[in-house]
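Trainee: predicted model and sequence follow; I will ask about them next.
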Amino acid sequence: MQSFIGGSIRLGQRQGFPRWNRAQFKSSAKAYLPSQSSSNAVQGTNNSIKSPNNHLLQFLGTTFVSQANGVCSVPVLSPLAAMMSSSSSIYMTTAAFPNMHSSEPFPDVPTRIKFKRLDKTAKHIMQIVDKEAVEEVKRQRDVPEIKPGYIVQLKVEVPENKRRLSTIKGIVIARRNAGLNTTFRIRRMVAGVGVESLFPLYSPNIKEIKVLDKKKVRRAKLYYLRNKMNALR
Amino acid sequence: MAASFASRCSRVGRSLMDGLRNNFPNLPSTSRETICGSFLYQQQRTFIQMRTVLKVVDNSGAKKVMCIQPLKGKKGARLGDTIIASVKEAMPNGKVKKGKVVYGVVVRAAMQRGRCDGSEVKFDDNAVVLVDKQGQPIGTRVFGPVPHELRQKKHVKILTLAEHIA
C-alpha cells in the first residue's frame, strides 16, 4: 500500500501538467465520473484536473472532500499529502460529501467489503473432506493406533499378481500424519537383509494390522536403527 | 552389512557419497536434489549409475561387480532394471572371471521403489543377479530376498530361484 501511496503522490504532483495520463488507473477508469458542472469549481480546466484527483481519493477509499475551489491544484495536494502521511488512517470521513459526486455512488469502493482469502477457505474445506474420508475408512475397518516403536504384524495383499496375504512383521520406525495419506514405515529383517517398507495406513490392501509389542522409544523417527544391527525379528 | 554401515554411518548427506561415487565431470549431478543443507538430514539414496559397486547374490562365481552402464534410464538404474557391469571380484573357480563384462538384474536397491498401491520398499544394500543377454540367470541359486517388481519385468526365473520374495 505504501508504494501505491508514493506512486499516487507522484501522480498527483504531475497534475499540473496538462497531459496527465489517466490510463494508469485502470480500475478507476470505470469509476471515472464525468465532471459534473454542478461543482462549485466552475472553471473547466481546473475541473478536469480535479476529477482525476478525486479518483485518486476514491480509489484509496476515502471520502475525502476536495475543497473545490477552482484556484489551483496545489492546495488540493496538501490534504492529499496529509492523507498520505497518516497512512494508518486512510479511511477518513468528512462532514459533507462533495456535491458533484452525490448523485452516483462510488462503484468500485463501496463501504469496505471484506472478503475472505479464498486459499484459506479452500484449505479449510480440504481439511474437512480429508477428515471425512478418514472417518469413512475407520468405520469400515478397524485401524489400530500405530506409533513408532511398536512391533507390528501386517497382512498385506500385494497387487503384483500375488495370490494372497503376505505377512509382514517389523518395527514401526516412522509415522507421517497427512490425513488420509498417513503413512508409516516398517523395518524388518528378511533373510539376512534389512528391508524397509512404507505403507499408507488407510490403504485397502492392508487387510489386518496387529500390534504385537510396544517398545519404549524417545523419539518419533527411529532412523538410528538403520545403523544398529537388529536382532532377527 | 558391515560395509554398508561404514557407508551409511555418516549423516553428512549425499554430498559425501557423491564425491566418492561419481567422478565424471560431464555427468550432471544425477542424484535427486533435496534440501540437503545440514548434516542432520537423512541420506538420500539415488540411482545405480556408472561405477556403482554392487553385490552379487547368486552362485555364478562373481562377488562384486561395478556398474558400467544402466540400460534404460537416463539417471540410472533402479530396482528391477538391467545393467551392464564389469566383474571386480570373483571366486577362484566360477563361471565368470574377474574383468568380464556381464549383464545383471538389480534385485536389491537402497533407493526406494514405489509400488502401484502407494507403498514403497527399500533394501539395505545394492545387489545384482548376473544374467545373460536373454535375461536368463547364469547362476543356479539366488540368495536373499527379491522384490515383487521382478515379476512385472518378466524375470520369472529369478523369482522362482529366490529364497524369499519381499
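Mentor: Okay, I see it.

Trainee: which residue packs closest to the residue most central in space within chain B, ignoring adjacent ones?
Mentor: The residue lying closest to the centre of chain B (Cα atoms, centre = their mean) is residue B:126, at 3.8 Å. In space, residue B:126 comes closest to residue B:54 once its chain neighbours are excluded; the distance is 4.6 Å by Cβ to Cβ, 6 or more residues apart in numbering or on different chains. Using the backbone N, CA and C atoms, a C-beta is placed for each residue, glycine as well.

Trainee: which SS class is the one you found?
Mentor: On the three-state scheme (DSSP: H, G, I helix; E, B strand; the rest coil), residue B:54 is labelled strand.

Trainee: which bits of chain B sit near chain A?
Mentor: Residues of chain B found near chain A (Cβ under 8 Å from any Cβ of the partner chain) are B:1, B:5, B:8-9, B:42, B:108, B:112, B:115-125, B:127, B:143-145, B:148-149, B:151-152, B:163-164, B:166.

Trainee: among those residues, name the buried ones.
Mentor: Neighbour-count burial (16 or more other Cβ atoms under 10 Å in any protein chain shown) applied to those gives B:8, B:108, B:112, B:115, B:117, B:119-125, B:127, B:143-145, B:148-149, B:151, B:166.

Trainee: keep only those of those residues that are in strands.
Mentor: The subset of these located in strands under the criterion DSSP state E comprises B:108, B:120-123, B:127, B:145.

Trainee: what pLDDT does residue A:204 get?
Mentor: On pLDDT, residue A:204 comes in at 88.

Trainee: meant to ask about residue A:115, not that
Mentor: According to the per-residue confidence, residue A:115 scores 82 in pLDDT.

Trainee: can you count the residues close to it?
Mentor: Applying the criterion other Cβ atoms under 10 Å in any protein chain shown, we find 6 residues in the vicinity of residue A:115.

Trainee: and the longest strand along chain A, what does it pack onto?
Mentor: The strand that spans the most residues within chain A, counting by DSSP E, is strand A:166-176. Contacting strand A:166-176 under the criterion 3 or more Cβ pairs under 8 Å, 6 or more residues apart in numbering or on different chains; DSSP states H and E are the following elements: strand A:150-156, strand A:183-190, strand A:193-200.

Trainee: please see if whichever helix or strand comes after the last one touches chain B.
Mentor: Note on strand A:193-200: by DSSP states H and E, the next helix or strand toward the C-terminus is strand A:206-214. No: Strand A:206-214 stays clear of chain B (Cβ under 8 Å from any Cβ), getting no nearer than 8.9 Å.

Trainee: now for strand A:206-214, which elements pack on it?
Mentor: Packing partners of strand A:206-214 (3+ Cβ pairs under 8 Å, 6+ apart): strand A:150-156.

Trainee: what comes up buried for the strand it packs on?
Mentor: Buried residues in strand A:150-156, defined by neighbour count with 16+ other Cβ under 10 Å: A:150-152, A:154, A:156.

Trainee: before we move on, what about stretch B:57-75?
Mentor: Under 16+ other Cβ under 10 Å, the buried positions of stretch B:57-75 are B:57-62, B:64-65, B:67, B:70, B:73, B:75.

Trainee: please apply the same query to stretch B:130-143.
Mentor: Of the residues in stretch B:130-143, B:130-131, B:137-139, B:142-143 count as buried by neighbour count, 16+ other Cβ under 10 Å.

Trainee: those residues in strands, which ones?
Mentor: Applying DSSP E to the buried residues of stretch B:130-143, the entries found in strands are B:130-131.

Trainee: relative to chain A, which of the buried residues of stretch B:130-143 is nearest.
Mentor: Set against chain A, the nearest of the buried residues of stretch B:130-143 by Cβ to the nearest Cβ is residue B:143 (7.6 Å).
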